[in-house]
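Participant: give me a 3D structure for the following:
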Amino acid sequence: MENLSVIITFVAYLAFMLAIGSHFYRKNESLSDYLLGDRQLNKWVAAMSAQASDMSGWLLLGLPGYAYLQGLEASWIALGLAAGTYLNWRFVARRLRRYTELAGNAITLPDYFANRFHDTGRLLRTLSALFILVFFLIYTASGFVAGAKLFESVFGLPYRSALLIGVVVIISYTALGGFMAVSWTDFFQGIIMFFAIIAVPLLAIHATGGFAETTTRLQAVNTGYLNLFTDAQGQPLAAIPILSLMAWGLGYFGQPHILARFMAVRSPAEIKPARRIAMAWVLISLACALLVGMLGRICLPETLAGGDAEKVFMILVDRLTHPILGGILLAAVLAAIMSTADSQLLVTSSALTEDLYRVVVRPHASEKELVWVGRGTVIGVAAIACAIALKPDSSVPELVAYAWAGFGATFGPLVILSLYWKRMTRNGAIAGIVGGGITVLIWKQLEGGLFDLYEIIPGFLVSVLLIVVASLLGKKPDPAVEAEFENAA
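Facilitator: Okay, the predicted model is just below:
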């Protein structure tokens, strides 16, 4: 009976997501409609969809799992993410929204780069699209793994069957409705995630006996559990772990699925109120996610080890709530997973359709043809990501960390400098993309000492250095490029 309540809740939720996809299916008359919603996002949808697609299943699985194992040490990640979110909205969002419209009405990130530097050789656009494909395959796979673990845990399904169910649902409404369907589903998913991540720690504190008893029991876990500057065993944290955790905030400037929301806001004037909405959501959600993990350590009689720690949110829901409420709260995990996976699929599809198919393969393709190619690439990319996710012991945090670093180092410096440095050139952009991306790929394979530093830091620094050096060594940008920059600024 309990399982039936959860099943009914899940089916109702999934039906609602598919209904949104069907609604927007008839509204996609052009590739711009399908990939960017014709820049019609309001401040609420832009803010909530950006943050829901940002946090993904990591907010309800990865971060609570890390906090469960390491205690307050996990706060360094939360601090880095909060700072990165604010800086991205404050210094990138408004200017990127203006510049992408002025630079040939660019509807994808590679499209913006090509138009920003008046690159007619296609190399910059193609490189950008290829790196998006590589890192989003890894990122999307992490979402599929999280979804499979959810269905596996809740319904007792075999891992591969659970994986297939999650993939089919996400493909369905993403391929049908495109960007507006994804953004509006993310809006509702963000609301569900927000209330779920608040409800569970409150229920756990009540079950433990109140705030005073909860604090006493947390302090008794071990000497370092509530110390920001030590690990869970009480050993002092070195500079490299702290820098690595804080460096997650660097990733925001290069995440295509988040930047797409900035590009799609219907007016630059809506950026400021959207930023306030986004920051309120992020600060509260991150704090509660940390609480979920640490409260799980004292509320659960059994000890969760390794990857099982990622299930702490779901286990608490099962132990502390009525089946109907539990079904709603577990649907939040599904919402978190879907809100990122759908965005990633659509951005990858946009890179393949707009930046490779239309530019390289079929320059004269009709808008209707491009929309259908976009739908086809969503399915194709999902199939490849599903194959990557077939390994049952895949770790969600590890996959997310790798892809996050890849995007942050490959595109972050390029986005920031392209918006704020008039002297930047096309060759500088190419050098930054290649240098940042390759540094992440190589650094990830090395271990020990300095190589334990999160790969986003060396990748970001190498990218900035190469952009600056390559730009200064070449000739100045054309006057037309500089004039466009001044207009956008």
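
Participant: who's in contact with I171?
Facilitator: 345, 378-379, 382 (CB atoms under 8 Å, 6 or more residues apart in numbering). No exception for glycine: its C-beta is placed from N, CA and C like everyone else's.

Participant: you'd agree A470 is up against G428?
Facilitator: Yes - between A470 and G428 there is a contact under CB atoms under 8 Å: 4.2 Å.

Participant: and the next helix or strand past the longest helix anywhere in the chain?
Facilitator: As assigned by DSSP state H, the longest helix anywhere in the chain is helix 159-208. Counting by DSSP states H and E, the next helix or strand C-terminal to helix 159-208 is helix 211-219.

Participant: contact partners of stretch 260-275?
Facilitator: Residues lying outside stretch 260-275 but in contact with it, judged by CB under 8 Å, 6+ apart, are 36-37, 39-44, 46-47, 49-50, 53, 86, 89-90, 92-94, 96-98, 100, 106-109, 112, 179, 183, 343, 346-347, 350.

Participant: buried ones in it?
Facilitator: Of all the residues in stretch 260-275, those buried under the rule 16 or more other CB atoms under 10 Å are 260-266, 270-271, 274-275.

Participant: flag every buried residue along stretch 272-287.
Facilitator: Neighbour-count burial for stretch 272-287, counted by 16+ other CB under 10 Å, picks out 274-275, 277-279, 281-282, 285-286.

Participant: now do the helices in the stretch 201-350 of the chain.
Facilitator: 211-219, 239-246, 256-264, 271-299, 312-320, 323-352 (DSSP state H, counting those that start in this stretch).

Participant: quick check: angle from the longest one to helix 312-320?
Facilitator: Spelled out, it's helix 323-352. 160 degrees (axes from the mean of the first three to the mean of the last three CA atoms, to 10 degrees).

Participant: let's have the chain start at 4 instead
Facilitator: Sure, I'll start counting at 4 from here, so that last one is helix 326-355.

Participant: what about the nearest residue to I419 once chain neighbours are set aside, neighbour count?
Facilitator: The shortest distance from I419 to any non-neighbouring residue, by CB to CB, 6 or more residues apart in numbering, is to F256 (5.5 Å). Residues lying near F256 (other CB atoms under 10 Å) number 25.

Participant: list the contacts for F256?
Facilitator: F256 is in contact with 87, 90-91, 95, 411, 414-416, 418-419, counting by CB under 8 Å, 6+ apart.

Participant: for L468, see how far away the nearest residue to K425 once chain neighbours are set aside is.
Facilitator: Spatially, and ignoring its direct neighbours in sequence, K425 is nearest to F488 (4.9 Å; CB to CB, 6+ apart). Counting by CB to CB, to the nearest Å, the gap from F488 to L468 is 22 Å.

Participant: T88 too?
Facilitator: According to CB to CB, T88 and L468 sit 26 Å apart.

Participant: okay, those two: which has more neighbours?
Facilitator: T88 (24 against 15).

Participant: would you confirm that that one contacts Q54?
Facilitator: Yes - using CB under 8 Å, T88 is in contact with Q54, at 7.4 Å.

Participant: what residues do these two have in common as contacts?
Facilitator: Common neighbours of T88 and Q54 (CB under 8 Å, 6+ apart) are 281, 285.

Participant: low-confidence ranges, the stretch 204-353 of the chain, go.
Facilitator: The model of the stretch 204-353 of the chain has pLDDT under 70 over residues 338-339, 341-343, 345.

Participant: quick revisit: quick one: which of the buried residues of stretch 275-290 is nearest S247?
Facilitator: S247 lies nearest to L289 out of those, by CB to CB, at 17.5 Å.

Participant: tell me the helix or strand right after whichever strand or helix holds V374.
Facilitator: Take DSSP H and E as the rule and V374 turns out to sit in helix 370-391. With elements assigned by DSSP H and E, the helix or strand that comes after helix 370-391 is helix 399-423.

Participant: quick one: list the elements packing against that next one.
Facilitator: helix 97-105, helix 112-119, helix 126-158, helix 259-267, helix 429-446, helix 459-476 (3 or more CB pairs under 8 Å, 6 or more residues apart in numbering; DSSP states H and E).

Participant: which parts of that helix are buried?
Facilitator: For helix 399-423, by 16+ other CB under 10 Å, it's 399-400, 402-422.

Participant: format the helices and strands packed on helix 399-423 as TSV; extra columns: distance to I331.
Facilitator: Listed next are the helices and strands packed on helix 399-423 as TSV, based on distance: least, CB to CB, whole Å:
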stretch	distance to I331
helix 97-105	35
helix 112-119	35
helix 126-158	13
helix 259-267	26
helix 429-446	38
helix 459-476	35
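
Participant: any idea which of the ones you listed scores lowest on pLDDT?
Facilitator: Lowest mean pLDDT of the helices and strands packed on helix 399-423: helix 126-158, a mean of 77.

Participant: give me the neighbour count for the residue nearest to K425.
Facilitator: 21.

Participant: how far away is it from R128?
Facilitator: F488 is 19 Å from R128, by CB to CB.

Participant: repeat for V224
Facilitator: 52 Å.

Participant: those two - which one has more neighbours?
Facilitator: Higher neighbour count among V224 and R128: R128, with 25 against 14, using other CB under 10 Å.

Participant: surely that one and L112 touch.
Facilitator: No - look at R128 against L112 with CB under 8 Å: they stay out of range, at 9.7 Å.

Participant: ok so, going back, A473 and G431: who's more crowded?
Facilitator: Neighbour count, other CB under 10 Å: between A473 and G431, G431 has more, with 26 against 19.

Participant: quick one: contacts for that one?
Facilitator: Contacts of G431 (CB under 8 Å, 6+ apart): 420, 469-474, 477.

Participant: most neighbours, which of the residues you listed?
Facilitator: Most surrounded of the contacts of G431: other CB under 10 Å gives I470, at 27 neighbours.

Participant: could you find the closest non-adjacent residue to that one?
Facilitator: G435 (3.8 Å).

Participant: ditto for F120
Facilitator: Counting by CB to CB, 6+ apart, the residue nearest F120 is R429, at 3.9 Å.

Participant: OK, contacts around that neighbour?
Facilitator: Residues near R429 by CB under 8 Å, 6+ apart: 120-122, 127.

Participant: which of these are buried, as a ChimeraX select command?
Facilitator: The ChimeraX command for the buried members of the contacts of R429 (criterion: 16+ other CB under 10 Å) is given here:
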select :120,122,127
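
Participant: would you point out the most distant pair within the contacts of R429?
Facilitator: Largest separation among those by CB to CB: H121 and L127, giving 10.2 Å.
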